[in-house]
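> coordinates only, sequence not included:
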C-alpha cells in the first residue's frame, strides 16, 4: 500500500516536472562558421548541434531578435542583400535586407547588433569603414555613417542614449548619439581597442586594448582611466555579466578567459577555455558562459560559479561568432 | 681634471656593461646543447649531448663559470667548460633500481659548494660535493618534485612538490630536512628575490604567482598570471619577475617592488625555460614549439627579437663564457 502511494507521488512529481519542462523556454546557441558557410544551432540542454543552416558566403555577424524569433546574419556575398533574417523555428530565410550600398564584400566582416529596443539594426563594415542602420519595421536602410579605420563592433549604453564603436587602427572609440545617429565625440586611448563593454549604470567603459594586452576601465563622465588591468594575448572579446559585477575577457592568442571583478577592479580567475577563443556569450541569467574555440572546433560551457569548463560540445570546423538565445 | 676622469669613466662604463654573454640552450630534438651569441643571434657552438637534454644551469665555482646539464633519462649529469666547450665530467647517477629517474631539475649552492639534482620520478634529491662532484647524500622529497631554488645566503634549498602541495625545505649546511611549507595550490616553478626575503612560486591549479615571505612563510600576495606557468626568472637587480606561461603563449612581467603585474608579453608557441641576462636588461625565453628564443627588453617589456638555432628548446642558461 505504502509502496503504491510512493509510486503515485513519484509519478506525480515526474509528471509535474514534465509540465515545467514543457513550459520552459528552450535555450540555444548560434555559431557562425565562416569557412563552411553555415550557422550551427546548438540545443544547450541536449548539448548537441541540432541544425546546420546554410547561409550565403562566409557568415560573419550574428544577432538575435527574441520577440520576433528572428536571427539576423551578415555574410560576404557580393550582393547588396548581405543580411539574412532567419526564422528561428523553421530555420528558413524569411527576408534578405537590401543595403543602400553596393560593394565587393570579399574581404572584411560585418558586425551586427540590434539597439536596446530592437527598433533598429546597426551594421558595421570593418573593411569599408562605415555603419549602416536598418529600420526593423520594414528592414529598409535608413542611414549611413562613415567611420574611421577598422571599426570592430558596437555596444549600446543601457539608457539607449549612446553607442560606442571601437576603432582598432586609430586607437579610439567613436561615441554615437542614438537620437540623431551622428558621431558626437571620440575617446582616444593609448592602444588598439577591439571591444567595449558599458557598466550597468552606464558610468564606466571597459575597453580591451589588444596591443598592450590590457583592459582599460574608464570613468565616462571625466574620461579618467580608473585602472588598467593586464590580461592575456589579444583580448579580443568582452562581456559583462547581467548583474554588472563580472567582466569576462576572451584572450584569443592565450587560449583563456580572464574573469575580472568589476568592483575590486582585479582579476578573480583565469579559465583555460579552449584553443583560440574567438567569441563569448552568456546565458540570460549569467549562470553559464560559452566560448567558441576557433582552432578546436568546439564550444566550451563554463560554470560561472566555479569558473571551470563543465563541458565541451564538438561543432563544425572554425566556429567564430556565438550568440545565446531562448525562445 | 674632473672632466678627464669623467670622460675616462664614460669610456670604461659602457665597455663594462656591454660585456658579452652566451645562451646555452637545450635542443631536445637533435640531442645537443646549442651555444648562441645573442648579440649576433648566431650559433657559436653545438655540443652533442646524450638522449634528451633537459635542464641546464650556469654556476660559478672558484671564480670560474661552469655549465651543468641534466638529461630526461638516466644519462647522468654533465659538467661543461664554457670556454673550451669540453665535457669536464660525467657524474653517474646514484639511484638504485631499474626504472628511469627522468627529468632532473638542477640547482647549485655557491655557499656550501654543492649541487642538487631532483628526480621527479623517484622523488629524491641527490646532493653532490662540487670539489670532486661526488655524491654525498640522498634526500626524499614530496610527490612530484617540480622546481628547485637555493636561498641567496645558501642556508636553504627549496623544492616544490606539485602533488603533495607543499615545499620541501633542506638545510643546506648538513642537508637535513626542515619543516615543509604548505602551499594552497599546485606549486611548480620557484625562485627567490636576490635579497632572500621573498619566495616566488607559480601555481598550476589557479594559474597564480605566490609571493611568500621566506621568514614567516606567509603568503603576501597572489597574482593571476597565465595558464601552465612553467618558468620563472628574477632579474639580478631584483626589480622584475618574469614568468613563462606555457599554454597561454605569453610571459608575465611583475614589478617586484609594487608586487603588481605590469605587462603581458605575447611570445610564441609553448614558452618554457626563461633566464635573465647578467645586466638585467634582457630576458630570454624558449618557445618550445616554434624552435625559437624570444628576446624581451626589460625596460619596455616588449619582445624585440626572435632567435632561431635550437629545435624543441626546453631550458636555457646564460654564461659569460669565462
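Right, received. Where do you want to start? Nothing here was measured: the structure is a model prediction, and the numbers come from that model. Numbers count the residues shown, from 1 in each chain, chains lettered A, B, ... in the order given.
> Residue B:105 touches residue B:124, doesn't it?
No: using C-beta atoms under 8 Å, residue B:105 makes no contact with residue B:124, being 11.8 Å away. Every residue, glycine included, has its C-beta placed from N, CA and C.
> Could you tell me which residues touch both of the two?
Here residue B:105 and residue B:124 share the contacting residues residue B:118, scored by C-beta atoms under 8 Å, 6 or more residues apart in numbering or on different chains.
> higher neighbour count, the two?
It is residue B:105, of residue B:105 and residue B:124, that has more neighbours when counted by other C-beta atoms under 10 Å in any protein chain shown, with 24 against 17.
> for chain A, what are the nearby residues on chain B?
B:206-207, B:224-227, B:245, B:247-250, B:252, B:261-266 (C-beta under 8 Å from any C-beta of the partner chain).
> how distant is stretch B:65-78 from the center of its chain?
Distance of stretch B:65-78 from the chain centroid (C-alpha atoms, centre = their mean, to the nearest Å) equals 14 Å.
> my bad, stretch A:316-324
The chain centroid and the centroid of stretch A:316-324 are separated by 11 Å, computed with C-alpha atoms, centre = their mean.
> Quick one, which of the residues of chain B next to chain A are buried?
B:207, B:224-227, B:245, B:247-250, B:252, B:261, B:263-266 (16 or more other C-beta atoms under 10 Å in any protein chain shown).
> Strands - which of the residues of chain B next to chain A land there?
Here DSSP state E is the test, and the residues of chain B next to chain A give B:224, B:245, B:250, B:252, B:261, B:262, B:263, B:264, B:265, B:266 as lying in strands.
> Helices along the chain, start to end?
Defaulting to chain A. Applying DSSP state H to chain A gives helices spanning A:2-23.
> Hmm, no, I was thinking of chain B.
Per DSSP H, chain B carries helices over the ranges B:2-17.
> Show me which residues of chain A are close to chain B?
A:212-214, A:230-234, A:251, A:253-256, A:258, A:267, A:269-270, A:272.
> what about the closest residue in space to residue B:38 that isn't next to it in sequence, distance to residue B:110?
Of all residues not flanking residue B:38 in the chain, residue B:23 sits nearest, at 5.9 Å (C-beta to C-beta, 6 or more residues apart in numbering or on different chains). Per C-beta to C-beta, to the nearest Å, residue B:23 is found 21 Å from residue B:110.
> When those two are compared, which one has more neighbours?
Per other C-beta under 10 Å, whichever of residue B:23 and residue B:110 has more neighbours is residue B:23, with 27 against 13.
> Quick check: the more buried one touching residue B:283?
No: between residue B:23 and residue B:283 there is no contact under C-beta under 8 Å: 11.5 Å.
> just to revisit the earlier point, list buried residues within the residues of chain A next to chain B.
Buried among the residues of chain A next to chain B by 16+ other C-beta under 10 Å: A:212-214, A:230-234, A:251, A:253-256, A:258, A:267, A:269-270, A:272.
> how many neighbours does residue A:144 have?
The burial count for residue A:144: 15, using other C-beta under 10 Å.
> ditto for residue A:309
For residue A:309, using other C-beta under 10 Å, the count is 18.
> now do the one 5 residues further on
Applying the criterion other C-beta under 10 Å, we find 11 residues in the vicinity of residue A:314.
> same check, this time on the one 5 residues further on
Other residues within reach of residue A:319, judged by other C-beta under 10 Å, total 31.
> From chain B, how far out is the nearest residue to it once chain neighbours are set aside?
Counting by C-beta to C-beta, 6+ apart, residue A:319 lies nearest to residue A:292, which is 4.0 Å off, once chain neighbours are set aside. Taking C-beta to the nearest C-beta, to the nearest Å as the measure, residue A:292 falls 18 Å from chain B.
> same deal with residue A:303?
Per C-beta to the nearest C-beta, residue A:303 is found 15 Å from chain B.
> Next up, the contacts around that residue.
So residue A:303 contacts A:287, A:288, A:310 (C-beta under 8 Å, 6+ apart).
> Mind pulling the model confidence for it?
pLDDT recorded at residue A:303 is 98.
> cool, residue B:239 as well?
Looking at residue B:239, its pLDDT reads 98.
> Make sure it is actually in contact with residue B:256.
Yes: with contact defined as C-beta under 8 Å, residue B:239 counts as touching residue B:256 (5.7 Å).
> higher neighbour count, the two?
residue B:256 (20 against 14).
> In space, what's closest to residue A:223 - neighbours in sequence excluded?
Counting by C-beta to C-beta, 6+ apart, the residue nearest residue A:223 is residue A:187, at 6.3 Å.
> what's around the one you found, how many residues?
Neighbour tally, residue A:187, other C-beta under 10 Å: 20.
> Just grab the bridge partners of it for me.
Here residue A:187 sits in beta bridges with residue A:173, going by DSSP bridges.
> Is it in contact with residue A:170, as I believe?
No: look at residue A:187 against residue A:170 with C-beta under 8 Å: they stay out of range, at 10.9 Å.
> Quick one: low-confidence residue ranges for the chain.
If you meant another chain, say so; for now it's chain A. A:1-24, A:78-80, A:102-106 (pLDDT under 70).
> Not quite, go with chain B.
B:1-18, B:96-102, B:322.
> again, only this time at 80
B:1-18, B:51, B:72-75, B:94-103, B:321-322 (pLDDT under 80).
> Which residue ranges of the stretch 51-200 of chain A form strands?
Secondary structure of the stretch 51-200 of chain A (DSSP state E, counting those that start in this stretch): strands at A:61-65, A:70-74, A:83-87, A:93-97, A:110-114, A:120-125, A:130-135, A:140-146, A:155-156, A:162-167, A:172-177, A:182-188, A:193-198.
> So which elements touch the third one?
Spelled out, that is strand A:83-87. In terms of contacts (3 or more C-beta pairs under 8 Å, 6 or more residues apart in numbering or on different chains; DSSP states H and E), strand A:83-87 is packed against strand A:70-74, strand A:93-97.
> cool, the fifth one as well?
Helices and strands touching strand A:110-114, as assessed by 3+ C-beta pairs under 8 Å, 6+ apart, comprise strand A:61-65, strand A:70-74, strand A:120-125.
> Overlap in contacts, residue B:23 and residue B:283.
Common neighbours of residue B:23 and residue B:283 (C-beta under 8 Å, 6+ apart) are residue B:275.
> Relative to chain A, which residue of the stretch 51-200 of chain B is the closest?
Across the stretch 51-200 of chain B, the shortest distance to chain A (C-beta to the nearest C-beta) belongs to residue B:185, at 12.4 Å.
> And for that residue, nearest residue in space, chain neighbours not counted?
residue B:203 (3.5 Å).
> Contacts only, for residue 320.
In the absence of a named chain, this looks at chain A. Applying C-beta under 8 Å, 6+ apart, we find residue A:320 in contact with A:31, A:32, A:33, A:34, A:60, A:278, A:279, A:292, A:294.
> Actually, chain B is the one I wanted.
Per C-beta under 8 Å, 6+ apart, neighbours of residue B:320: B:19, B:20, B:21, B:22, B:65, B:82, B:278.
> Residue A:270 against residue A:254, yeah?
No: using C-beta under 8 Å as the test, residue A:270 is too far from residue A:254 to be in contact (9.2 Å).
> any common contacting residues for those two?
With C-beta under 8 Å, 6+ apart, residue A:270 and residue A:254 have common neighbours B:226, B:227.
> Could you check how many residues crowd around residue A:69?
Using other C-beta under 10 Å, residue A:69 has 15 neighbouring residues.
> Look up how far residue A:89 lies from it.
Distance, residue A:69 to residue A:89, by C-beta to C-beta: 6 Å.
> Equivalent analysis for residue A:146, please.
38 Å.
> And for residue B:275?
60 Å.
> What about the contacts of residue A:320, which one has the most neighbours?
residue A:292 (31 neighbours).
> quick one, what contacts that one?
For residue A:292, counting by C-beta under 8 Å, 6+ apart, the contacting residues are A:31, A:277, A:278, A:279, A:280, A:299, A:315, A:319, A:320, A:321, A:322.
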